[in-house]
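[1] Fold the following for me, if possible:
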Amino acid sequence: MKLVATLALALVSCQPAAAAFLDCYSAQVYNKTNVDLLVTWNALPCSQGTDDWRFVRSCKAHVIKAGKDYKYTYRWGTTIPHVYIFGKGAAIAPHKKDLRDVETFAGFYIHKGHFRNEDSFSGGGESAPHCKIHYHITYSQSDLERDWQEALDEHAKAQDK
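    Model prediction:
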């Protein structure tokens, strides 16, 4: 019985080290806007088992408050990481009730060693070449304003149909 208790204690005390061993690379998002943003860190084979496309390959979802940042560490074995950033019309244009459900979107993928906005390159994203890499994504007020205008244009097209 003493042996079983000793082994159980050893296994429990090794769990944090084993979990840290699985950590590979991270992506930190800086919210430099004046609104809170929903951010999802996605990769293969992560899955949340949902039909909501924003979370299908999500490893982590988090609301980053205006002016704050948040870092997610991807586990070893995840591939083609991508980060999605969403802004809600209710926060961006609170005085326009008809736009409260309009949502901005920005997608970031690894391309040539950095997370880049998917609009800035052609082709697919890449995987991190190795562990111990720390990526940074800064989402600015001007990024939000550009994406808000795109969302408004899409909303107007949908209303015309």
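
[2] C-alpha from now on. contacts and neighbour counts both.
    Noted.

[3] in the protein, which ranges drop under the pLDDT threshold?
    1-21, 48-56, 121 (pLDDT under 70).

[4] residue ranges for the strands of it, please.
    23-32, 37-44, 58-64, 69-75, 79-88, 103-111, 114-117, 134-140 (DSSP state E).

[5] So what sits opposite the closest residue to His62 other than its chain neighbours in the bridge?
    The shortest distance from His62 to any residue other than its chain neighbours is 5.4 Å, reached at Val39 (Cα to Cα, 6 or more residues apart in numbering). Beta bridges link Val39 to His62, Ile85 when assigned by DSSP bridges.

[6] wait, doesn't Val39 sit right on Ile64?
    Yes - the pair Val39 / Ile64 is scored as a contact, 7.0 Å apart, by Cα atoms under 8 Å.

[7] Among the two, which residue is more densely surrounded?
    Val39 (25 against 18; other Cα atoms under 10 Å).

[8] residue contacts, that one?
    By Cα atoms under 8 Å, 6 or more residues apart in numbering, the contact list for Val39 reads Ala61, His62, Val63, Ile64, Val83, Tyr84, Ile85, Phe86.
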